[in-house]
Structure formats: C-alpha cells, structure tokens
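# Predicted model and sequence follow; I will ask about them next.
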Amino acid sequence: MLDNWGVVTSVVGGGVAVLLYFVKSWRDVEELKEHRRKQETQTSVLTEKVDNYHTAAVAREAKHQQAYELKLQEHRSEVLRELGVVRKEGADAVLRLNEKVDALDKLLTVIVERQNQLLDASRRQEARNERVDRVLWARGRDGPDE
C-alpha cells in the first residue's frame, strides 16, 4: 500500500476536496434558501402593506365620493329651491305688471272716452256758435236797414 501511497493520498485528497466542495455548496444552498424565505417574508409584508394602503385609498375615495355626492345633492336642492323662489317672484312680477297694464288700459279707455265727449261737446258748441253767429248776422243785416 505504501507503493500506492501517492495515489491513495491523491484519492483521499480529492475525496476531501469533493466533500468540502459539497459541504460549501450545501451551506450556500441553505443560505440561499434562508435568503429566499426572508425575501418571501418581506414580500408578503410589503404586499400586505400595499393591500392595506390600497384598501384605505379605496375607502377614502369612496368616502370623498359620498361627500361629493352629498354636497352635489345639497347644491342641487338649493339651486332648485332658489329657482322656485325666482320663478314665483317672476310670476308675481308679471301679475303686478299685468294689473298695471290693465289699469293703464282702463285709464286710456276713460281718457279716450272723455276726449270723445269733449270733441262732441266742442262740435256741439261750435254748431251753436255758428247758429248764434248766423242769427246775429241775420239780425244785424235786418237791424241796421230798418
């Protein structure tokens, strides 16, 4: 065996080298597995945080949307109320204007009627004056000759 001592030493050295390489590789694989577990844990924690942030954001958005819808509905109600008030005021103003127009129409009718009465009275007076002038003229013509 001493004759093959170099071969045995080489084989034992190679076996030890292979064994050391295997042990080192085994440790590297275990470290990688541990590192992967840590990353998976971190990933799950981060995923959970992202999910929580997303859920909170969706909840905030829904809350803001509800608040916006409520304000919008309140604003619409207020605008409709104001529109009703403005329409009522407009209708009242139109009624008042119609009343004033009716009063002016009545006044204009009375004025036209009085104007016609005055014209008729003026014509009758003119006709009387003409008759009186003719009578006076006829008397004046008959009077100085006698």
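Arrived safely, thanks for sending.
# shaky segments in the protein?
For the chain, applying pLDDT under 70 flags the ranges 1-3, 143-146.
# Grab the most central residue of it for me.
L72 (7.1 Å; C-alpha atoms, centre = their mean).
# can you pull the contacts of that one?
For L72, the contact set (C-beta atoms under 8 Å, 6 or more residues apart in numbering) is empty. Yep, even glycine has a C-beta here, placed from its N, CA and C like the rest.
# Please, which helix or strand holds it?
helix 5-145 (DSSP states H and E).
# from the chain's centre, how far out does that helix sit?
Centre-to-centre, helix 5-145 and its host chain are 2 Å apart (C-alpha atoms, centre = their mean, to the nearest Å).
# sorry, back to before: roughly how far apart are the residue nearest to the centre of the chain and E78?
Applying C-beta to C-beta, to the nearest Å, one obtains 11 Å for the distance of L72 from E78.
# ditto for R141
From R141 over to E78 the distance is 92 Å, taken as C-beta to C-beta.
# and what of A59?
For A59, the distance to E78 - C-beta to C-beta - is 29 Å.
# do E34 as well
From E34 to E78 the distance is 65 Å (C-beta to C-beta).
# ditto for G13
Applying C-beta to C-beta to G13 and E78 gives a distance of 95 Å.
# now do V110
48 Å.
# Return the distance of R76 relative to V94.
Distance of R76 to V94, given as C-beta to C-beta: 26 Å.
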